[in-house]
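Asks: pasting the sequence and the predicted model now:
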Amino acid sequence: MTKETMIKKCLIFSMSLLLLAFTLGPFIWMLWISLADRADFLVTGKVEYSFNNYFQVLTSPSLHFLDYLQNSLIISVTTAFVVTVFSSMAAYAVSRMRFPGRSVIPLLILAMSMFPQISIVGYLFEMFAQVGLINHHLALILPYIAWTIPIALWINLSYFTQIPIALDRAALVDGAGRMKVLYRIIFPLALPGIFSSALLVFIACFNEFLFAIMLTIDYTAQTLPVGIALFQGLHGEIPWGNLMAASALASVPLVIMTLIFQRYIVQGLMGGAVKG
């Protein structure tokens, strides 16, 4: 082994360790604090480990953690389903059909998504207040659909364009309609891209904070990020143990889904780049 090769391997190993520490360090620290009986154990040097913080978060009636979790799951799953259906059909139409302005549609949708959330949340609040949707699940589902459909459309579009159009023509010649072609042929072939876009939409909605705190009022509609942020106001001080325990519990669904479906995410995101 030459000196240059050894130096290269040492640098790669060192940077890998640094990247691993950078990504896992906050998560490990969160778990450490959540298991400690007091957050200032580094100062006092006295610490006992238990699951009391997790028990308090899950059972305390004033924290409403399970209500926040239920709201997050309902809103995120509903948004991911709606966005996946519409973005898939839109990607199919843009990639397969020939009509005036079809190439402009993805650019217009992408341009609309470039508006920062803070610039429109005030108008959304006023509009939803007039129709009585404030503190309702729809107050978050509707903006989330508009907010996440561009990325889902672009992911699906990049995947759909790699599927040979000859498959559509052959099915149409055999008498299949457009919808049958879409659901029987295109969807199964594009499933990795569709699934990865749905999962990314779910994660984005699950973690979103600005719309959730501005368009909801109490635990009947607020999501986990907002509920965790409000722990401080409920106790009059910062309950670091409860905060870290709630954050750890909130991370579990996302971590599990990412680990299980990591292969589909990578395959869906890379499909448009490596095929053809």
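Replies: Thanks, I have it. Worth saying up front: this structure is predicted, and the values here are computed from it rather than measured.

Asks: just checking, S87 touches A146?
Replies: No: S87 is beyond contact range of A146, at 11.7 Å (criterion: CB atoms under 8 Å). (Glycine included, C-beta is placed from N, CA and C.)

Asks: more neighbours, the two?
Replies: S87 (26 against 15; other CB atoms under 10 Å).

Asks: that one: what's it in contact with?
Replies: Contact analysis of S87 by CB atoms under 8 Å, 6 or more residues apart in numbering lists 149, 152-153, 156, 197.

Asks: pLDDT score assigned to it?
Replies: The model reports S87 with a pLDDT of 90.

Asks: find the nearest non-adjacent residue to it, please.
Replies: Excluding the flanking residues, the one nearest S87 by CB to CB, 6 or more residues apart in numbering is A152, at 3.8 Å.

Asks: so what's the residue count around the closest residue to S247 other than its chain neighbours?
Replies: Among residues not flanking S247 along the chain, M30 sits closest, at 5.6 Å (CB to CB, 6+ apart). Around M30 there are 17 other residues, counting by other CB under 10 Å.

Asks: what of S196?
Replies: 25.

Asks: okay, and it sits in which element?
Replies: Taking DSSP states H and E as the criterion, S196 maps to helix 191-207.

Asks: list the buried residues in that helix.
Replies: For helix 191-207, burial by neighbour count (16 or more other CB atoms under 10 Å) applies to 192-207.

Asks: how about stretch 92-111?
Replies: Buried residues in stretch 92-111 (16+ other CB under 10 Å): 92-96, 106, 109.

Asks: what's the helix or strand hosting L243 packed up against?
Replies: In the assignment (DSSP H and E), L243 maps to helix 240-260. When contacts are defined as 3 or more CB pairs under 8 Å, 6 or more residues apart in numbering; DSSP states H and E, helix 240-260 packs onto helix 3-35, helix 52-59, helix 65-96, helix 191-207, helix 224-229, helix 231-235.

Asks: rounded mean pLDDT for the fifth one, please.
Replies: Think helix 224-229. pLDDT averaged over helix 224-229 gives 90.

Asks: what about the nearest residue to L66 once chain neighbours are set aside, neighbour count?
Replies: Distances taken as CB to CB, 6+ apart put L58 closest to L66, at 7.0 Å, once the chain neighbours are dropped. As a burial measure, L58 scores 15 neighbours (other CB under 10 Å).

Asks: go on, the one 3 residues further on?
Replies: By other CB under 10 Å, the residues close to P61 number 6.
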